[in-house]
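Novice: generate a structure from the sequence data that follows.
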Amino acid sequence: MPAPPSEIMAPESSESPETIPDVKCVVWDLDHTLWRGVYLENDDLVVDEDVRRVIVALDERGILQSIASRNPAEVLERVAETGLGEYFLYPQAGWGEKSEALARIAERLRISLDTFLFIDDDRMELDAVLHAHPQVRCCLPSEVPRLLEREDLRAAIVTGDARLRRQLYRSEERRAQDESTFTGSKVEFLRTLGMKLAIRRAAGPDLDRAAELTARTHQLNTTGVAYTRDELEALFDSPDHRLLVCTLDDVYGTYGTVGLVMLQCAQDTWTIQLLTFSCRVLSRNVAATVVRAVLQRAAVSGLRALHARLVSTERNRPVVVTFRLMGFRKLVHGEEASLYTHELTSVDPLPDYIHVEEEW
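Specialist: Model prediction:
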């Protein structure tokens, strides 16, 4: 007999509890979970105030939400009638396995399933999800009133970008829809976006978002090291370091603060100690553009080389490949991190489909 879902709150992992990531997405079942009643039985479907309160509060904390329900697709129209439809990204309704629905949501959001929490009243459904995705956290609707007290759903500081996270994903959904119908090449589509990338020295108000990026981002992260605000503030005040933040806008609106670069600046060599970017810009070539901008600045400054610390993992393979394709070669292999170097003899130009502004 499977353990009660209330006892299976964390994903199975050989790692210590401290390494379990915060929840980035809460996925709701509908019948007897989001609302009281069963849609196909024509019940009077009522959303409890506790559920409504939790959904709004999670959104304000920057935690994404979606739906996985065994119901016909038109059930989502009923969700909209509750006034809560806007809170759910890529909702899934149909007769397939809920584990497959969660996988589709994760793919669309570009976040890992080990950052998911699934809420369902049916213990068999929860057990099936755990069997397919043991890294997903699960709970029963009875735990919803206390959900906001969970450590993995609590953020010490909620940044402005976090409050806008759902809207940022909505904008990305419109971009993706237009891209899917675009008949030209990938580069031609990128030119239609009118992207404006700003690279600037971090200021005090940027540090909360910078810390959030190091904690939340794993795919486009060169080392996987998370920094607290206090640690970043110490580097911010260090004469040997430069902290750069990157913001991106296009014709659809803003992406917000999408990237952080931590440079250690020696007399003749700079080292990228950390580079991390939101997965929302994975397909926009933004990280590579920023690295090229740093390479150009290093070359103009007469430096001997630009180094980069890289820790290769399964999840950050895209960013490691990016550095290799840009001409970085491994200089030192270490147990914790490898040091790569670029000798600055040839630096590719910035792409013509991104307008770059630099203030650093």
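
Novice: which neighbouring elements make contact with the lengthiest strand in the chain?
Specialist: Secondary structure assigned by DSSP state E gives strand 253-265 as the longest strand of the chain. Applying 3 or more CB pairs under 8 Å, 6 or more residues apart in numbering; DSSP states H and E, we find strand 253-265 packed against helix 160-163, helix 165-181, helix 207-216, strand 241-250, strand 269-277, helix 286-300. C-beta coordinates here come from the backbone N, C-alpha and C atoms, glycine included.

Novice: turn the ones you listed into a markdown table, columns for distance to L45, mean neighbour count and mean pLDDT.
Specialist: Formatted as a markdown table, the helices and strands packed on strand 253-265 follow (distance: least, CB to CB, whole Å; neighbours: other CB atoms under 10 Å; pLDDT from 0 to 100):
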| stretch | distance to L45 | mean neighbour count | mean pLDDT |
| --- | --- | --- | --- |
| helix 160-163 | 29 | 16 | 87 |
| helix 165-181 | 23 | 15 | 92 |
| helix 207-216 | 34 | 22 | 91 |
| strand 241-250 | 39 | 20 | 96 |
| strand 269-277 | 41 | 23 | 96 |
| helix 286-300 | 43 | 21 | 96 |
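
Novice: reformat these as JSON lines; add distance to H131.
Specialist: Formatted as JSON lines, the helices and strands packed on strand 253-265 follow (distance: least, CB to CB, whole Å):
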{"stretch": "helix 160-163", "distance to H131": "32"}
{"stretch": "helix 165-181", "distance to H131": "29"}
{"stretch": "helix 207-216", "distance to H131": "27"}
{"stretch": "strand 241-250", "distance to H131": "39"}
{"stretch": "strand 269-277", "distance to H131": "33"}
{"stretch": "helix 286-300", "distance to H131": "36"}
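
Novice: can you give me the buried ones in stretch 318-335?
Specialist: V319, V320, T322, F323, M326, G327, F328 (16 or more other CB atoms under 10 Å).

Novice: mind checking how far the third one is from R150?
Specialist: In this structure, T322 lies at 35 Å from R150, with CB to CB, to the nearest Å as the measure.

Novice: again with the fifth one
Specialist: Using CB to CB, M326 is found at 41 Å from R150.

Novice: and for stretch 27-42, what are the contacting residues?
Specialist: 43-48, 51, 55, 65-69, 71-72, 75, 78-79, 82, 84, 88, 93, 98, 101-102, 105, 116-122, 125, 141 (CB atoms under 8 Å, 6 or more residues apart in numbering).

Novice: got the buried residues for that stretch?
Specialist: V27, W28, D29, L30, D31, T33, L34, W35, Y39.

Novice: tell me what R329 is bridged to.
Specialist: Using DSSP bridges, the bridge partners assigned to R329 are T341.

Novice: shift numbering so it begins at 46
Specialist: Yep, numbering from 46; the last one is R374 now.

Novice: that one contacts L384, correct?
Specialist: No: R374 is not in contact with L384 according to CB atoms under 8 Å; the separation is 10.2 Å.

Novice: list residues touching both of those two?
Specialist: By CB under 8 Å, 6+ apart, no residue touches both R374 and L384.

Novice: next, the contact list for L355, please.
Specialist: T267, T268, V364, V365, F368, A382, S383, L384, Y385.
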